[in-house]
Structures are given as C-alpha cells and as structure tokens.
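Student: Dropping a prediction and its sequence here:
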Amino acid sequence: MEPATEHIVVRRSGPLLGEVTVPGAKNSVLKLMAASLLTDGVTTLTNVPDIADVAIMGDLLSAIGVTAEWQSTEDRVLRLTNHGALTPVAPYELVERIRASINVLGPLLTRCGTVRLSLPGGDDFGSRPIDMHMSGLEAMGATFQIRHGYVEATADRLHGANVTFDFPSVGATENILTAAVFAKGTTVIDNAAREPEIGDLCQFLVEMGADIEGVGSSKLVVHGVERGSLRPVVHEVVPDRIQAATYMAAAGVTGGEIRLRNAHSEHMEMLLRRFGDMGLGITAQEGGIGVWAPARMRATDVATLPYPGIATDYKPLVVTMLTVAEGVGIVTENLYPGRFRYVEELQRLGADISTDGHHAVVRGVPHLSGAPVRAPDIRAGAALVVAGLAAEGETVIGGVHHIDRGYDDLVGRLRSLGADIERRPAV
Ligand code: UD1
C-alpha cells in the first residue's frame, strides 16, 4: 500500500442536516468492469464511484487488453473499450491490491480458455481462500494448477454443471456466473449469494445478451450462449448500500436529519430495521431514504449474515454507533472472525468495547474523545471518521488511502451536511 500523504481531521459536530447523493457501489462496479471482458467494443457504465479501486481495476483491465477511461468524472461515466485481443494474465502487482481482481477469472477462462492469475489480496481481515471458485469451475471442466503464487486455469470450452455452494460466497457466485455465460449447456448455481450487487451483475449480463433465470434468488440458472454473441451496453451501477449506511451512521451519532438521494431502502431492509430499534426514524421516499436521529440512540444486538442478513461491511459502522448509544449491545460476526481489528482504534477514542472471538460487547458512553487513529481497512476507516464526529476535540485519521479505495469524496459529502471535517497533508 502506498504511504499516507494526507490525514482526515474530524471534530465533534452538531446534528448533520441536508441532502447527500449516494454514489454507485464499489462492490458492483468492479465486477461489471471485469465482466466487460466478455464482449468486444465499448461498454459504458454510469453512476461509477470515483474511488481508487476503480482506477486499480482499470489498470488491471488495461494490462489484459481493455482500456478504461472516464468519459466524465463529473457525471461519473466510465468507458471500457475492449479491443478483442486479450492477454489473459493478471499480474501480482495489480492483483495483490484488490480482492475483486479475482473476478477476471470467470470471464477470461470462458472467453480465452486459459488464465494466469496471481493469488488475490484485498483487505487484511482474515483468510479469504478461493476454493469455492476453483471447485465450481472444475465442475464445469476447468483444470487448475497453482505455481509460484499464480493460479493457472485452462478449459478449451467450459460445460454446464450443477454447482452447489457450501456457503453463499459473493465472489464465487460471480465467477461461476460469468464463466457460465459461454459454457456449453446449462449451469445451475445453488445456494448462490443474493447481494444486490450480484443482481446488478446479472442484469448487466442479461442486457448484454446472456441467458440467466432466477435473478435475485439463491438459484441461478444460466443457459450458455455462443462466444462472441454478447454486445456492449450502457448500464447504470446500483447505488452503494454501504456508503448509504455510512451517512446514516453519521446522522445517527450527531442526532441529525438527512435525506439520501439515490439510495434503495429495499437493499438494506434488515439493517434499517436495526437502525429503527436504535431509535432512528427511517422513511423510504421516492428516489431515496429520509433519516432522522434522536439526541441519543438506544443499544441493540446485531449479528452479521450473508444477504439479506446484515452485511459484515456494515459492522464497523454499527459498532461505532453503539459506542455512543444508551445501553449495551452485542455484535456477532459470522463471516470474518478476525474482523474486529478497528476496535483497538475505537478504544483509543474512549469507546468501551470488549471482544471475545466472534463477539463484541459495546457499552455506550455519552461521548468519545478525539485522538490520532489509523484506518485498518475501508469500512473500519469510514467508521473511525463517523466516530470522530461524536468525539470531543480532534480525531486525526491516518491510513486514508484505505478509505479512498471505497469512498467517493466522503469528506466533501460530510462537509456538505455540516460536519467539521477536512483533509490535511500528513506532516
Ligand atoms: C465480498 C465483498 C466484501 C464483503 C464480502 C461478504 C467485494 C469486492 N467484496 O467479498 O466487501 O465483505 O463479499 O459480504 O465484493 N470463502 C471461502 N472460500 C471461497 C470463497 C469465500 O472460504 O472460495 C469464505 C471467505 O473466506 C469468507 C466468506 O467465505 O469467510 C465470505 O467470502 P465471499 O462471500 O466470497 O466474499 P468476497 O467475495 O471475498
């Protein structure tokens, strides 16, 4: 990771007020970019977040043979030009930087018949193997070798298969789905992940000419079409439910009242129910969500689960909200046991949290107290920013490059709602 050149400096802020537009989802756009490998020509994505991971995925695609360029950063339109002559190799220097680089595996294998991909990196919050990706593709006729840190996959032409996951893995569902698009015959993915970002990928593939049934359900049926039969399309990226939740959390800890433009409440139902338990007023509105927070929230218990359960990515935000809520809340992590690293940073801000394995017990305090802290990953970094809004004095957050990986102008958007926050050169 590159050294931090800037810090985010946050001071305790009064109620956040106003309206903010939620950008497109990181966890969708990166997969759509990878899926553009499936067709020659110019794919146009709109509502693309201006984040570092999009640039990294762009670099990876350009090494493979697809040029990614902004048509307009102001309008958030990205053009992906696939020249047809692809080099199906994903080098270490790029792959180690984002987990989503694994998403080129399915499209490259089904289109080129061979792929050489460095084993992926991503956030450092626990082991993230790719065994389900590989066993699903093996069932479809692929063979794998792991040599010198690279996965090498080959399959002249994949064939349809029944793939049943032990666990609804997001990345494995996406790779089997994209690989199945050109496979001979029908592929059935059972216990598929159902995240809205997967629905977005399915919709994108269908618009391109893929034949997929069961979109939005845990059973996806893909009837393979001929290689070369997809066409490039213009597609709008689904709004980012995690960024939306971040602004809700910021309203929550400041007792604010905000409106989120371009947010889909139906993608966040379980979380919104919990926020309701904590005393937040939530209203689904035409094209957005209205959020009203009480002077002090109430504690509640929260457990993470695959969608439609409460996403693990929301958890640092929920823990942060509980640190200043009235009462005691227990948070249980069911996906990544190691994902409590940011707790030590919150403790530096005066939070009363104890962890035991998969559980965190959070005892609310009236307010936190500002200190220097470090963002350990994207979501935890954003949670520290939210914590800083409820902390007396100044909270100086390092590791800002993590936040920039997934947040499109978090500081500017929070400022527009009245937050006392700025970016400052690191000295
Ligand atoms: C995606 C999201 C990430 C989110 C996660 C769970 C992206 C870029 N990232 O990650 O933000 O936190 O979904 O909602 O979209 N597993 C295996 N073997 C596999 C695949 C996964 O054991 O082959 C395990 C992982 O180690 C982890 C769990 O399954 O414990 C969830 O992984 P998965 O759903 O695949 O998440 P990602 O696609 O990596």
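Tutor: The structure has been received and is ready for your questions. Residues are numbered from 1 along each chain as shown.

Student: From here on, just use CA atoms for contacts and neighbour counts.
Tutor: OK.

Student: who's in contact with Cys112?
Tutor: 86, 88 (Cα atoms under 8 Å, 6 or more residues apart in numbering).

Student: What of the one 3 residues further on?
Tutor: When contacts are counted by Cα under 8 Å, 6+ apart, Val115 touches 88-90, 105, 108-109, 151-154.

Student: now do 6 Å
Tutor: 88-89, 109, 152-153 (Cα atoms under 6 Å, 6 or more residues apart in numbering).

Student: Look up how far the ligand lies from it.
Tutor: Applying Cα to the nearest ligand atom, to the nearest Å, the value for Val115 to the ligand is 17 Å.

Student: partners of that residue in the sheet?
Tutor: Ala153 (DSSP bridges).

Student: Is there proximity between the least confident helix or strand in the chain by mean pLDDT and the ligand?
Tutor: Within the chain, confidence by mean pLDDT, DSSP states H and E is lowest for helix 92-95 among all helices and strands, at a mean of 89. No - applying Cα under 6 Å from any ligand atom, one finds helix 92-95 out of contact with the ligand, separated by at least 12.1 Å.

Student: Ile330: what's it in contact with?
Tutor: Ile330 neighbours (Cα under 6 Å, 6+ apart): 301, 360-361.

Student: and the protein, which of its residues are near the ligand?
Tutor: 27, 99-100, 127-133, 169-172, 311-313, 335-336.

Student: Which SSE is immediately downstream of the helix or strand that contains Val29?
Tutor: Using DSSP states H and E, Val29 sits in helix 26-35. Following helix 26-35 in sequence order, the next helix or strand is strand 41-46 (DSSP H and E).

Student: now that next one and helix 26-35, what's the angle there?
Tutor: Angle, strand 41-46 to helix 26-35, by axes from the mean of the first three to the mean of the last three Cα atoms, to 10 degrees: 170 degrees.

Student: domain ranges for the chain?
Tutor: 6-23+239-425, 26-236 (automatic domain parsing).

Student: Name the residues of the helix or strand hosting Leu414 that come out as buried.
Tutor: Here Leu414, judged by DSSP H and E, is contained in helix 410-416. By 16 or more other Cα atoms under 10 Å, the buried positions in helix 410-416 come out as 410-411, 413-414.

Student: Nearest to the ligand, out of the residues you listed: which one, please.
Tutor: Nearest to the ligand among the buried residues of helix 410-416: Leu410, at 17.6 Å, using Cα to the nearest ligand atom.

Student: Adding distance to Leu119 and pLDDT, write the buried residues of helix 410-416 out as TSV.
Tutor: Output for the buried residues of helix 410-416, formatted as TSV (distance: Cα to Cα, whole Å; pLDDT from 0 to 100):
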residue	distance to Leu119	pLDDT
Leu410	30	98
Val411	33	98
Arg413	35	98
Leu414	36	98
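
Student: ok, the closest residue to Gly18 other than its chain neighbours to the ligand distance?
Tutor: Take Gly18 and drop its neighbours on the chain: the residue closest to it by Cα to Cα, 6 or more residues apart in numbering is Ile258, 5.0 Å away. According to Cα to the nearest ligand atom, Ile258 and the ligand sit 25 Å apart.

Student: and Ile258, that one's in a strand?
Tutor: Yes - counting by DSSP: H, G, I helix; E, B strand; the rest coil, Ile258 is found in a strand.

Student: partners of it in the sheet?
Tutor: Gly18, Val291.

Student: Tell me how far stretch 413-427 lies from the chain's centre.
Tutor: 23 Å (Cα atoms, centre = their mean, to the nearest Å).

Student: start to end distance for that stretch?
Tutor: Using Cα to Cα, to the nearest Å, the end-to-end distance of stretch 413-427 comes out at 25 Å.

Student: and that stretch, which residues are buried?
Tutor: So stretch 413-427, judged by 16+ other Cα under 10 Å, has buried residues 413-414, 417-423.

Student: Of the contacts of Val115 - the most surrounded one?
Tutor: Leu109 (27 neighbours; other Cα atoms under 10 Å).

Student: I'd like the distance between the closest residue to that residue other than its chain neighbours and Leu80.
Tutor: Leaving aside its sequence neighbours, Leu109 sits nearest to Val115 (Cα to Cα, 6+ apart; 5.7 Å). Using Cα to Cα, Val115 is found at 20 Å from Leu80.

Student: cool, Phe204 as well?
Tutor: Distance from Phe204 to Leu80, by Cα to Cα: 14 Å.

Student: out of those two, which sits in the busier spot?
Tutor: Between Phe204 and Leu80, counted using other Cα under 10 Å, the more crowded position is Leu80 (25 against 22).

Student: Mind pulling the model confidence for the more buried one?
Tutor: According to the prediction, Leu80 has pLDDT 98.

Student: Which strand residues bridge it?
Tutor: According to DSSP bridges, beta-bridge pairing links Leu80 with Thr43, Ala68.

Student: So it sits against Val42, correct?
Tutor: Yes - because the distance of 5.5 Å satisfies Cα atoms under 6 Å, Leu80 is recorded as touching Val42.

Student: So which bits of stretch 134-151 are buried?
Tutor: Applying 16+ other Cα under 10 Å to stretch 134-151 flags 134-142, 144, 150-151 as buried.

Student: Need the contact partners of that stretch.
Tutor: Residues contacting stretch 134-151 (Cα under 6 Å, 6+ apart): 116-119, 152-155, 158-161, 163.

Student: burial count for the residue nearest to Leu117 when sequence neighbours are not counted?
Tutor: If the residues on either side of it in the chain are set aside, Leu117 comes closest to Ala90, at 4.7 Å by Cα to Cα, 6+ apart. A count of neighbours around Ala90, defined by other Cα under 10 Å, yields 26.

Student: do the same with Arg259
Tutor: Residues near Arg259, counting by other Cα under 10 Å: 24.

Student: so what's it up against?
Tutor: 19, 289-290.

Student: just curious, which of these is nearest to the ligand?
Tutor: Using Cα to the nearest ligand atom, the contacts of Arg259 come closest to the ligand at Ile289, 22.4 Å.

Student: in what helix or strand does the closest one lie?
Tutor: strand 288-292.

Student: Quick one: name whatever helix or strand follows that strand.
Tutor: strand 302-303.

Student: Surely Tyr247 forms part of a helix?
Tutor: Yes - under three-state DSSP, Tyr247 sits within a helix.

Student: From Glu207, how far out is it?
Tutor: 32 Å.

Student: Show me which of these two is the more surrounded one.
Tutor: Using other Cα under 10 Å, the more surrounded residue of Tyr247 and Glu207 is Tyr247, with 25 against 16.
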